[in-house]
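Undergrad: Next come a sequence and a model predicted from it.
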Amino acid sequence: MGDRWHVEVDRGVCIGSGMCLHHAPAAFRLDTARQSHPEEPETDANEKVLAAAEGCPVEAIVITLTGGGEPVFPPEE
């Protein structure tokens, strides 16, 4: 069984660029204030969701492993 991820968007950081929708259109949506929201906060590990987090110009998308909370993105330094 593969990893499960918890996906969050820090709406205090999100600038509404829409890059998350470009990379993973089924995983994110923008509200009327152009703030990003994950469609499902818990999801299977997914290359498109990771690409959305990596492509966010302000790193507003945070992905952690469900259960343990270990960071997936951004990685710990």
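TA: Yep, that arrived. Numbering: from 1, shown residues only.

Undergrad: can you tell me which residue is nearest the centre of this structure?
TA: Centroid-nearest residue in the chain: residue 61, 4.0 Å away (criterion: C-alpha atoms, centre = their mean).

Undergrad: dump the residue contacts of it.
TA: With contacts defined as C-beta atoms under 8 Å, 6 or more residues apart in numbering, the neighbours of residue 61 are 7, 8, 9, 10, 20, 36, 52, 53, 73. In short, each C-beta sits where N, CA and C put it, glycine included.

Undergrad: List the beta-bridge partners for residue 73.
TA: Beta-bridge partners for residue 73, by DSSP bridges, are residue 63.

Undergrad: who's in contact with it?
TA: Contacts were defined as C-beta under 8 Å, 6+ apart; by that measure residue 73 touches 50, 53, 54, 61, 62, 63.

Undergrad: Quick one: buried ones out of those?
TA: For the contacts of residue 73, burial is judged from neighbour counts taken by 16 or more other C-beta atoms under 10 Å, and it is met by 50, 53, 61, 62, 63.

Undergrad: ok so, going back, PyMOL command for the buried members of the contacts of residue 61?
TA: For selection in PyMOL, the members of the contacts of residue 61 meeting the burial criterion (16+ other C-beta under 10 Å) are listed in this command:
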select buried, resi 7+9+20+36+52+53+73
